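**Student:** Next come a sequence and a model predicted from it.
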Amino acid sequence: IKKIGVMTSGGDSPGMNAAIRSVVRTCAFYKIECAGIYRGYEGMIEGDFIDLNARSVKGIINKGGTFLKSARSKAFRTKEGRQAAYNQLKKANIDALVVIGGDGSFTGGLVFNQEFNFPVMGIPGTIDNDIAGTSHTLGYDTTLNTVVDVIDKIRDTASSHNRLFFVEVMGRDVGHIALNAGVGAGAEEILIPEEDLGLERLLESLRRSKESGKSSSIVIVAEGDKTGKNVFELKDYVEEHLPEYEVRVSVLGHMQRGGSPSCFDRVLASRMGVKAVESLLDGKSNLMVGLMNDKITVTPLERAIKGQSKINKELIRVSDIMSV
Ligand code: F6P
């Protein structure tokens, strides 16, 4: 392998820049070339590449987003699109790929490898933490810190007005962000897709907390939760059944994806980039780099995509006990 292409694909996450930096510098360390591919698979199809050296990635370890930009490509789902991408890579003498992204990006990389026998390594970059084979995806830790920080602020105003807040957090169809940020911010209840405890239990818990003298409450709702009601419907439902509560809603949205990566994510990105490049140089392919028990590991891309990232059920119990 003489030249590695690196790209970010799918929803961006804090730490992607740090991972690009690590891939580029590891290439420089081993004296091979590195090219950045703009806008994920879209840019690959168009041949939108830039040669990167160790100095091109200075000053980005602390920056959120991804300077290579990101996209979700429809064209790459077609055979013609992938053929065009392959031609562009060959023209630029790129002979291996590091894809930083989530399961959709890895699926694209896997199909590409199967069709063209092109070496591909994955680095899990998504705030959702919904990838098997790693305890943490890049950006997840930063997002937790951002969410906890914002909920602390919401609590200030909630308690000043004796209000109940429903706070919706991201996570697509998993509850990692909701559960961990919920425990970290001391939420009263946490609604996640993995455990539908039912609306009756929510009312019961809110009744109890009023009785026990709590003046304000925060309920975290994962965007994928399965109660069948969105945050605004939940507000109406609670106001109807528990008129003693004054309820407000806060949907945190895309601010959860931005911001400077935490130290944890910067270190993780640096370690993952080194492992991804070294794996390619060792002749490996179709693997995702991950973190397990503080060790950098590799998992077949196929398993990472199809496997399920499980929430920590102990946290549900801890949360219940904390909201006594
Ligand atoms: O996968 C990351 C994520 O932020 C999810 O949490 C969310 O469901 C989705 O992306 C939002 O996607 P978009 O940025 O396309 O609105």
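**Tutor:** Okay, I see it.
**Student:** Only C-alpha atoms from now on, for both contacts and neighbour counts.
**Tutor:** OK.
**Student:** which helix is the longest one in the chain?
**Tutor:** Counting residues, the longest helix found in the chain (DSSP state H) is helix 140-160.
**Student:** burial of residue 313, as a residue count?
**Tutor:** Residues lying near residue 313 (other CA atoms under 10 Å) number 11.
**Student:** Then residue 49?
**Tutor:** Residue 49 - counted by other CA under 10 Å - has 20 other residues nearby.
**Student:** How about the contacts made by the spatially closest residue to it that is not a sequence neighbour?
**Tutor:** Excluding the flanking residues, the one nearest residue 49 by CA to CA, 6 or more residues apart in numbering is residue 37, at 4.6 Å. Contacts for residue 37 (CA atoms under 8 Å, 6 or more residues apart in numbering) come out as 5, 6, 7, 8, 43, 44, 47, 48, 49, 50, 68.
**Student:** Buried ones among those residues?
**Tutor:** 5, 6, 7, 8, 43, 44, 47, 48, 49, 68 (16 or more other CA atoms under 10 Å).
**Student:** Contacts for the helix or strand residue 108 falls within, please.
**Tutor:** According to DSSP states H and E, residue 108 maps onto helix 103-116. Residues from elsewhere that reach helix 103-116, judged by CA under 8 Å, 6+ apart: 9-10, 76-77, 82, 86, 99, 118-120, 122, 131, 286, 301-302, 304-305.
**Student:** one step back: which of the contacts of residue 37 lies closest to the ligand?
**Tutor:** Of all those, the ligand sits closest to residue 8, with 12.9 Å by CA to the nearest ligand atom.
**Student:** related to what we said a few turns ago, angle of the following helix or strand past the longest helix of the chain against helix 140-160?
**Tutor:** Note on helix 140-160: by DSSP H and E, the next helix or strand toward the C-terminus is strand 164-169. Counting by axes from the mean of the first three to the mean of the last three CA atoms, to 10 degrees, strand 164-169 lies at 160 degrees to helix 140-160.
**Student:** and strand 164-169, how far from the chain's centre?
**Tutor:** Relative to its chain's centre, strand 164-169 lies at 20 Å (CA atoms, centre = their mean, to the nearest Å).
**Student:** same for the longest helix of the chain, what does it pack against?
**Tutor:** strand 164-169, helix 176-185, strand 217-222, helix 263-281 (3 or more CA pairs under 8 Å, 6 or more residues apart in numbering; DSSP states H and E).
**Student:** and stretch 199-215, C-alpha only, in PDB?
**Tutor:** Backbone C-alpha positions of stretch 199-215 (Å, rounded to 0.1, in the frame of the first residue of the first chain) are rendered in PDB as follows:
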ATOM      1  CA  LEU A 199     -47.100   5.900  30.300                       C
ATOM      2  CA  GLU A 200     -48.800   4.800  33.500                       C
ATOM      3  CA  ARG A 201     -45.500   4.300  35.100                       C
ATOM      4  CA  LEU A 202     -44.400   7.800  34.100                       C
ATOM      5  CA  LEU A 203     -47.500   9.300  35.700                       C
ATOM      6  CA  GLU A 204     -47.000   7.200  38.800                       C
ATOM      7  CA  SER A 205     -43.400   8.400  39.100                       C
ATOM      8  CA  LEU A 206     -44.300  12.000  38.600                       C
ATOM      9  CA  ARG A 207     -47.100  11.700  41.200                       C
ATOM     10  CA  ARG A 208     -44.600  10.200  43.600                       C
ATOM     11  CA  SER A 209     -42.000  12.900  43.100                       C
ATOM     12  CA  LYS A 210     -44.600  15.700  43.800                       C
ATOM     13  CA  GLU A 211     -45.500  13.900  47.000                       C
ATOM     14  CA  SER A 212     -41.900  13.500  48.000                       C
ATOM     15  CA  GLY A 213     -41.500  17.300  47.800                       C
ATOM     16  CA  LYS A 214     -39.600  17.700  44.500                       C
ATOM     17  CA  SER A 215     -40.200  21.100  43.000                       C
END
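**Student:** Cheers, nothing more for now.
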